[in-house]
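**Student:** below is the structure, and that's it, no one-letter string:
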């Protein structure tokens, strides 16, 4: 018996062209790993935008590019890959509704598998990618390209999607890029390398690495400016004239 379609989540999209597609999802979280990685993929490989998703529970936020509004949650497709990428974080209180709404919409297309991309904050400088799967049977698909998490927990929308897939008996994977709590294109590039192996993507991540270097340089300059400002004498310490 299929669940009733969610009335809280509205998806405006043409149907997927292919049954048995693989679906990649990225929502803002630690390091914006999933959002950066998937937006880079759809831009570089020229995916077609096929639709969007909206909800009364989403924050009232619309991104702009050169004066044109961009819907915060977008659907893309190319060949047998479907991508859902978001610019807005999903509040914990509605993660279940969002995950359920997405999976209800995907159900008629008999999707093959789902991959969620997110970040995991560690105290290490490496950009490793940790992996989880919905079942023991699915685990070998990512064993050679990720570090399998032996124990722990996943939170947020990624956890809700993985749980929903497990309940519906759909193979699902979580790719967690090692990151810091700031936009982290290097961590995104690391997760893209895993996706390249999984799906045979012909994609160069060097431009994304260069973007990371630019971001790091900008952050370093900003930190230096803040440090300089903090070292300047306070107003009451300045000499008086006149």
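**Tutor:** Everything's here; your move. Everything numeric here is computed off the predicted structure, so don't read it as measured data.
**Student:** where are the low-confidence patches of this protein?
**Tutor:** Applying pLDDT under 70 to the chain flags residues 1-7, 215-216, 218-223, 225-242.
**Student:** what helices and strands are in contact with the helix or strand where residue 178 lies?
**Tutor:** For residue 178, the enclosing helix or strand under DSSP states H and E is strand 171-179. On a contact count with 3 or more CB pairs under 8 Å, 6 or more residues apart in numbering; DSSP states H and E, strand 171-179 meets helix 33-44, strand 113-121, strand 129-133, helix 140-143, helix 156-167, helix 185-199. For glycine as for every other residue, the C-beta is placed from the backbone atoms N, C-alpha and C.
**Student:** please repeat the previous calculation with a cut-off of 6 Å.
**Tutor:** For strand 171-179, the elements it packs on are strand 113-121, strand 129-133, helix 156-167, helix 185-199, judged by 3 or more CB pairs under 6 Å, 6 or more residues apart in numbering; DSSP states H and E.
**Student:** who touches it?
**Tutor:** Outside strand 171-179, the residues within contact range by CB atoms under 6 Å, 6 or more residues apart in numbering are 30-31, 33, 113-120, 122, 126-134, 138, 142, 158, 162, 165, 187, 190-191, 194.
**Student:** same question, stretch 108-121
**Tutor:** 16, 19-26, 29-31, 33-34, 37, 130, 158, 161, 165, 171-177, 179, 181, 191.
**Student:** neighbours around residue 13, how many?
**Tutor:** When neighbours are defined as other CB atoms under 10 Å, residue 13 has 17 of them.
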